[in-house]
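> Just the structure for this:
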Amino acid sequence: MDQSVAIQETLAQGEYCIIISFPAVQGVLCEGDSRQSRLLGLVRYRLEHGGQEHALFLYTHRRMAITGDDVSLDQIVPISRDFTLEEVPPDGERYILGSDVTIQLDTAELSLVFQLPFGSHTRMFLQEVARACPGFDPATRDPEFLWLSLYRCADPESSTPGRWNSAPGTGPGCATIGGGGSNFDGLKPNGKGLLMDHSSRGQDKPESLLTRQNKYKSEITDMVRSSTVLVSDKSHILSMQKFGLRDTLVKSHLIQKEEDYTYIQNFRFFVGTYNVNGQSPKECLRPWLSHGIQAPDVYCVGFQELDLSKEAFFFHDTPKEEEWFKAVSEGLHPDAKYAKVKLIRLVGIMLLLYVKQEHAAYISEVEAETVGTGIMGRMGNKGGVAIRFQFHNTSICVVNSHLAAHTEEYERRNQDYKDICSRMQFCQVDPSLPPLTISKHDVILWLGDLNYRIEELDVEKVKKLIEEKAFQTLYAYDQLKIQVAAKTVFEDFTEGELTFQPTYKYDTGSDDWDTSEKCRAPAWCDRILWKGKNITQLSYQSHMALKTSDHKPVSSVFDVGVSVINEELYRKTLEEIVRSLDKMENASIPSVSLSKREFCFQDVKFMQLQIESFTIHNGQVPCQFEFINKPDEVSYCKQWLNANPSRGFLLPDSDIEIELELFVNKTTATKLNSGEDKIEDILVLHLDRGKDYFLSVSGNYLPSCFGSPIHTLCYMREPILDLPLETISELTLMPVQTEDDGSYLESPMEIPKELWMMVDYLYRNGVQQEDLFQQPGLRSEFEHIRDCLDTGMIDNLSASNHSIAEALLLFLESLPEPVICFSTYHNCLECSGNYTASKQVISTLPTFHKNVFNYLMAFLQELLKNSAKNHLDENILASIFGSLLLRNPVSHQKLDMAEKKKAQEFIHQFLCNPF
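Down below sits the predicted model:
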């Protein structure tokens, strides 16, 4: 996930400056034995006189950085003349064999060490940092970094640049700024904006790179790295040529002729999954990972529920990651030496990938991504993590997922699966190519706690069939089998025969079925499936010997046929392709035909995807196409539109289907409601070395209460879809402070009727609902809820409590002006902890906003009266509603973590006190 958006929201914008955040990298700050997660962003400031300066912004983050509210500025390191960045050998054999890269950052008075993840994000980040260095030119003025004074602590002793250096986080409630000076050490610019390492590796000339790559192929001992791009080798990264049309042509032809220069070789894969129920490792994992099998070539090991604490739920770091990583590393097969390729974690979902050390040279293009499918599609208590990589010439994707719980929630599990498939995207080495999805891989291995249960049978019947080992009879009632047969999930995937008893739910520390009050029915929650050619499953079993959790671990061993390159045949094939391309070099101008150029999207609704597609048919000349920006526009299309793919390559006489995806969210809904924006756009499709084609997009948007201001909705006594568009526009554009002055025909309501409908529904049906506001609802039900609210069909409102709760949160999130107005944000922070003063601030809100705030607080207090049933407490509700009711003013500098906590404390005191 690109987390740059969160950083961009924290930056200021001056009269003569443009601040740009390049793709951010999440790393680990290493200080002695301490390991702290940090988000690193490179920020560029354009000076009034035309020059530019750069600085590294280091952020702490309480959770995955999705918005500016999720990060807090910790330190700023100006990229001055004395700034150096170099790779240092990591400590410990386990990390030496891993693929993460350790970087040391130095200035005259500051030294920091980071571990950065392997992949294209880090490659791009290091490249941009290298380009940002000022260089040696004496004619170039020294950077002054006056613009950073905006972020400096209000400390009179820190008014000079010489006092900007400081250790991270030493200033109370401020970002420290380190840098200054003009000494040169470590990595140095070479006069062309490149960072050159002092080691022999960094001194290689670009023309010697190919020879060096071949040498490293046989000398891999320190790191799993790409066979084409070495993350640690900055000079190589920065000398890489851009991917051009000829390179793309060569690659396309090589893919077509792959069978001419490759052969299939089997490699042994171990795939394991274990829901550890928040426990720390208490027993050796070898009975699961290595007993009774040959040493695998590749290990794919996944965990769920690594940490069940509330802190982990809100994306805090957890010590459990290191505990289980160590336990797995110690449990690997003793007959081989393994390299850790990658570790990726989303809250409690963790995936580890290891390979035998001798295979390390043939692992490349490693990328890892996460998708949270929890409440509002953001929380990571449910979702998936994945690692993709190239092994020899075969692309492999490994997915570990934890889907929605509870027997009746199979539709929610189906939706989680589809969300992971659609939202999991991996960057490619070639930046001109669109991201890879899970399905675009030769081999897919999917593991995890999929949570599908046994349906229609009571608990005792299930246990009786298990006792009789009638697993196939029981399997007929398995929800996953039923859903796969209906082709709703895992289409074209395969699962081995279940010859072991269900892996859930046991009393912890035993092999006894659940004896708790809930007495859960046994189920095969923990599963392993696969998709692809040349895959043979050798075993599929559970491991009853491990008793740490209420689940049993599951493993499967595969022989996977991997495409291996014959170097001699590859060279011959490549030579043939190059010769044939030489003949095409002076071919005519490319030309394509489009199946459609006008697109009309009818009755577009809030958060309901619409797709129109067309086909590009290429003529006789290979071509690259791309949608390009129109003059004076920052994107090739409006925010509510997306072309997929937006760029690509076509061989002669070939076709590609392009999907135009229209999706209105909180960012774009308000202007569409008011009529300030319309479903109208022109797309420009550009051919490299060819002409441009123009596509027309039109349609109509159905206004919604989602994205409408509070005071607007209070003046709408009729459902929004029953009102004329002119009336909706007039009410939406009304100033926030509007009071009832009698100029409107009807008096306003005290709160929006749509808000009342949702809260009243939950008050009548959901106050005792377990995990309310923590478990997501169904997308189909949200669409029904939205339509009922927008049409006023309250009697038809019927949905699960979780869907109504999520719709309420989405409603609050989509308000263009939050419940607590932007203008009172700072006052709220200042009086946090003083309940009397806080009530006074609320009393100054516009009447409609004040009514909504009091109404919501009364409802949340009702929920807390039922906490024994719904498991809610003041901290959870303050965390969830704090970021929705109290939002940082638009384009304002991000406040630090201490002040973020004050925002939550402000809400917390209203939950704990009568008012």
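> Now do His784 against Met734, distance only.
Counting by C-beta to C-beta, to the nearest Å, the separation of His784 from Met734 is 29 Å. Every residue, glycine included, has its C-beta placed from N, CA and C.
> Those two: which has the busier surroundings?
More crowded of His784 and Met734, by other C-beta atoms under 10 Å: His784, with 18 against 14.
> What values do phi and psi take at the more buried one?
Backbone geometry at His784, expressed as degrees, to the nearest 10, gives phi -70, psi -40.
> tell me the SS of the nearest residue to it once chain neighbours are set aside?
Leaving aside its chain neighbours, His784 sits nearest to Ala799 (6.1 Å; criterion: C-beta to C-beta, 6 or more residues apart in numbering). Under DSSP: H, G, I helix; E, B strand; the rest coil, the three-state class of Ala799 is coil.
> So what's the residue count around Ala799?
Residues near Ala799, counting by other C-beta under 10 Å, number 22.
> who touches Tyr693 in this structure?
Shown in contact with Tyr693 (C-beta atoms under 8 Å, 6 or more residues apart in numbering): 592, 594, 597, 684-685, 687.
> how near is it to Asn451?
47 Å.
> And for Asp33?
Distance, Asp33 to Asn451, using C-beta to C-beta: 37 Å.
> Let me see the domain layout of the chain.
Following the TED database, the chain resolves into domains at 3-134, 260-565, 592-701, 817-914.
> quick revisit: state the pair within the contacts of Tyr693 that is farthest apart.
Farthest pair in those (C-beta to C-beta) is Arg597 and Leu687. Separation: 14.7 Å.
> Contact partners for the residue nearest to Pro590 when sequence neighbours are not counted?
Closest residue in space to Pro590, ignoring its immediate chain neighbours: Cys623 at 3.5 Å, by C-beta to C-beta, 6+ apart. The contact partners of Cys623, by C-beta under 8 Å, 6+ apart, come to 245, 590, 592, 649-650, 687-690.
> For the stretch 301-450 of the chain, give me the ranges with low pLDDT.
310-317, 377-380, 431-432 (pLDDT under 70).
> just so I have it, where are all the helices in it?
Assigned helices in the stretch 301-450 of the chain, in chain order: 310-313, 320-331, 410-423 (criterion: DSSP state H, counting those that start in this stretch).
> With respect to Ala868, which of those lies nearest?
Smallest distance to Ala868 across these (C-beta to C-beta): 16.8 Å, for helix 310-313.
> how about Lys691, what does it touch?
Here Lys691 is in contact with 589, 591 (C-beta under 8 Å, 6+ apart).
> what about it, distance to Ser591?
In terms of C-beta to C-beta, Lys691 sits 8 Å off from Ser591.
> What ranges does the stretch 601-750 of the chain have for its helices?
Using DSSP H, counting those that start in this stretch, helices in the stretch 601-750 of the chain cover 666-674, 710-714, 725-732.
> and the longest one, what's its mean pLDDT?
Rounded to a whole number, the mean pLDDT of helix 666-674 is 94.
> quick one: that helix to helix 725-732, angle?
130 degrees (axes from the mean of the first three to the mean of the last three C-alpha atoms, to 10 degrees).
> buried set for helix 666-674?
Applying a neighbour-count criterion of 16 or more other C-beta atoms under 10 Å, the buried positions in helix 666-674 are 666, 668-674.
> helices or strands up against that helix?
For helix 666-674, the packing partners by 3 or more C-beta pairs under 8 Å, 6 or more residues apart in numbering; DSSP states H and E come out as helix 725-732.
> And the contacts of the helix it packs on?
With contacts defined as C-beta under 8 Å, 6+ apart, helix 725-732 is touched by 670, 673-675, 703, 708-709, 712, 715-716, 720.
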